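**Q** Take a look and give me a structure for this.
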Amino acid sequence: MDEDYLKKVIKFQKDEMTGYVIYGKLAGLIKDPHNSEVLREMSATEMRHYQFWKKISNVEVKPNYLKAFFSALMARVLGITFTIKLLEKNEAAGSAEYAVFDSVVPGAAQLGKDEEEHENSLAGMIKEDFLSYMGSIVLGLNDALVELTGTLAGLTFALQTGKLVAISGLVTGIAASFSMAASEYLSARAENNPKAIRSALYTGLAYIITVILLILPYLLIPQHDTGIYVSLGATLLIAVLIIFGFNFYISVAKDLSFKRRFLEMFLISMGVAVCSFGVGLLVRTAFGVEL
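**A** Numbers count the residues shown, from 1 in each chain. Alright, predicted model coming up:
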């Protein structure tokens, strides 16, 4: 085996050893015995594949401890399912590279195929309670984006004062978050959902957090000259980033299409904002509001 091939084999070893450490760390973080056992199996699989490549290279390789640290941190913040699915997406590229080695290392292609199928199967066995509330979070977040981007765009032209827009948006948003949470609770109760209260809390929290992020530009950006319009632009940018981040999370955690979901939420939110901007201009002109 030439030097270039050997370097790649060692890289494969390092990836497998890193996966072994990551899944072992994650297994230790989880209290649920079922999920912990699944992760230990995934860790053991990575070690078996490490040993396969070690027989080729005849060298010991250390894991990427920095990647293992950040993976554990990501699991704590964003959840175990998202972290595992994201790691598996990155490993899918490695499986394709294994196939290239099949002529040099017999069995490499099958190893890559087996690894991808086995680990995808194991990842699908992870049960995370948080993901069962995604419908409630989508409800709160999506409604806040659609309503608040539209409301803030309309108020920007109608009021022309950053603090007034922020206060009006905050009052509207808090009232709407209570309303949405109550509606979610009643809807869940009507379906005899035992988790109705938590569903309502997730809906309300998603709404409130979105509201706060959207009004921040009106409080932080100086409002002289064109500051009010800079604030509106920043708010719309934040809305796009929220839409992007949330849909990326959902697409990874639930294996859904990112592009379709992102475009749908983006077009709806921005469409409402543009329409409301026009309504605000008409109201200001019709009533002669000058502030």
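**Q** Would you check how far apart the residue nearest the centre of the chain and residue 112 are?
**A** Among the residues of the chain, the one closest to the centroid is residue 249, at 2.3 Å (CA atoms, centre = their mean). Residue 249 is 27 Å from residue 112, where distance means CB to CB, to the nearest Å. Using the backbone N, CA and C atoms, a C-beta is placed for each residue, glycine as well.
**Q** how far is the helix or strand where residue 180 lies from where the chain is centred?
**A** Counting by DSSP states H and E, the element that carries residue 180 is helix 162-190. Centroid separation for helix 162-190 versus its chain: 23 Å, with CA atoms, centre = their mean, to the nearest Å.
**Q** Tell me how many other residues surround residue 191.
**A** Other residues lying near residue 191 total 8 when counted by other CB atoms under 10 Å.
**Q** Please report the distance of it from residue 184.
**A** For residue 191, the distance to residue 184 - CB to CB - is 11 Å.
**Q** ok, now residue 111?
**A** Distance of residue 111 to residue 184, computed by CB to CB: 47 Å.
**Q** The two: who's more crowded?
**A** Taking other CB under 10 Å, residue 111 and residue 184 do not tie; residue 184 has more neighbours (24 against 20).
**Q** Run through the residues that contact the more buried one.
**A** 136, 139-140, 196, 199-200, 203-204 (CB atoms under 8 Å, 6 or more residues apart in numbering).
**Q** List the buried residues for stretch 106-117?
**A** For stretch 106-117, the neighbour count (16 or more other CB atoms under 10 Å) marks 108-109, 111-112, 115-116 as buried.
**Q** Same check on stretch 155-171?
**A** By neighbour count on 16+ other CB under 10 Å, the buried set for stretch 155-171 is 155-162, 164-170.
**Q** Could you pull up the mean pLDDT of that stretch?
**A** The average pLDDT for stretch 155-171 rounds to 83.
**Q** that older thread, name the element the residue nearest to the centre of the chain belongs to?
**A** Going by DSSP H and E, residue 249 is in helix 227-253.
**Q** Which other helices and strands does that helix contact?
**A** Contacts defined by 3 or more CB pairs under 8 Å, 6 or more residues apart in numbering; DSSP states H and E place helix 227-253 against helix 80-100, helix 134-159, helix 162-190, helix 196-220, helix 258-287.
**Q** Next up, the contacts around the residue nearest to residue 251 when sequence neighbours are not counted.
**A** Distances taken as CB to CB, 6 or more residues apart in numbering place residue 258 nearest to residue 251, at 3.7 Å, with adjacent residues excluded. Neighbouring residues of residue 258 by CB under 8 Å, 6+ apart: 247-248, 251.
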